[in-house]
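> Build me a model:
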Amino acid sequence: MNQDLENPNRVIAPVFLYDDRRCCSKIIILFKIFGCIFYTQTLTTCDKAEFYIIMITVMILSILNDMRYELYHYMKLGTIFSSLNEFELWRRTLLPQSKIIFSGAEFAIKLVFLIKNFPPELDLSFKNICKFGDSIFKIHILVLFLIYFIVGAFSCMMMTWNNYPRENQVSSQRQRITLPNPIILNNLQTEECSICMDLDNSKTWIILPCGHKFHNSCIVEWLNTQQTCPICRNNVSVI
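Coordinates of the predicted model:
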């Protein structure tokens with residue numbers, strides 16, 4: 001007989017199926033490979049190409065690290081983990097911080113190049129392979145920094161939009177919330193509030209319709225996020 005039928009009260013832990021194909025990450029790596037090949041064929045032909053060689057080397061290392069990271073994810077595609085936490089622990093073994101290190105180094109090199117060559121001079125005439133590659137690289141950096149700026153500004157705007165109005169709304173709710181037909185109690189010498197676990201006799205107590213008693217400030221705080229009694233879970237309507 002099935003074990004689940006033999007023991008209907010048995011708790012089954014939730015599992016996590018990893019099915020993320022990470023298509024966007026793979027497309028980005030593909031573009032990086034094409035870019036690295038292009039810069040290798042053009043920028044290394046320049047005089048005093050040491051800076052470009054350093055930049056290309058860092059790009060290759062960053063691409064190899066990204067490919068390693070994506071390969072391990074691809075190998076785990078379809079794997080069932082016992083929980084989401086187990087998946088997160090596995091992902092930490094891949095050293096995701098290394099992606100930040102390589103990306104930061106690449107970003108720093110491009111930033112130095114942009115500052116050193118600002119305002120950029122572009123030559124897209126195909127007459128000189130070095131100048132053509134250098135012009136494409138400058139356009140690449142300008143577009144990249146423009147994207148970073150837009151994404152950063154949008155992220156800051158969304159954080160401001162989500163946090164401040166919500167805090168103001170919660171604060172307003174805390175001022176307006178009231179209980180239906182509350183019974184106010186005072187001087188409960190031996191009672192302990194089940195929310196704060198405090199024996200503070202100076203606070204005003206409220207008894208809910210279900211009969212359970214709490215500090216007035218504690219139950220108001222609780223009802224800002226929950227609509228049930230903290231003990232019996234009976235529904236508590238608020239105005």
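> okay but residue 83 is in contact with residue 89, surely?
No - applying C-beta atoms under 8 Å as the test, residue 83 and residue 89 come out as separate, 9.4 Å apart. C-beta coordinates here come from the backbone N, C-alpha and C atoms, glycine included.
> measure the residue positioned nearest the centre of the chain to residue 212 for me?
Geometric centre of the chain, nearest residue: residue 155, 11.2 Å, by C-alpha atoms, centre = their mean. Using C-beta to C-beta, to the nearest Å, one obtains 43 Å as the distance from residue 155 to residue 212.
> With residue 68 instead?
For residue 68, the distance to residue 212 (C-beta to C-beta) stands at 56 Å.
> what do you get for residue 28?
In terms of C-beta to C-beta, residue 28 sits 55 Å off from residue 212.
> Got the phi and psi for residue 197?
Backbone geometry at residue 197, expressed as degrees, to the nearest 10, gives phi 60, psi 40.
> next one: residue 79
Dihedral angles (degrees, to the nearest 10) for residue 79: phi -80, psi 140.
> Can you get me a residue count around it?
12 (other C-beta atoms under 10 Å).
> same check, this time on residue 206
Counted with other C-beta under 10 Å, residues neighbouring residue 206 total 19.
> do the one 4 residues further on as well
Taking other C-beta under 10 Å as the neighbour definition, residue 210 ends up with a count of 13.
> Relative to residue 209, how far out is the residue nearest to it when sequence neighbours are not counted?
Leaving aside its sequence neighbours, residue 210 sits nearest to residue 234 (C-beta to C-beta, 6 or more residues apart in numbering; 4.6 Å). The gap separating residue 234 from residue 209 is 8 Å, by C-beta to C-beta.
> Over to residue 77?
Residue 77 is 53 Å from residue 209, by C-beta to C-beta.
> More neighbours: the two, which one.
Taking neighbours as other C-beta under 10 Å, residue 77 and residue 209 compare with residue 209 leading, 15 against 12.
> Which pLDDT value belongs to that one?
Looking at residue 209, its pLDDT is 76.
> Helix, strand or coil: sort out it for me.
Counting by DSSP: H, G, I helix; E, B strand; the rest coil, the backbone at residue 209 sits in coil.
> My read is that it contacts residue 236, right?
Yes - at 7.2 Å, residue 209 and residue 236 qualify as touching, with contact defined as C-beta under 8 Å.
> all strands in the chain, in order from the N-terminus.
Secondary structure of the chain (DSSP state E): strands located at 16-17, 80-81, 183-185, 205-207, 213-215.
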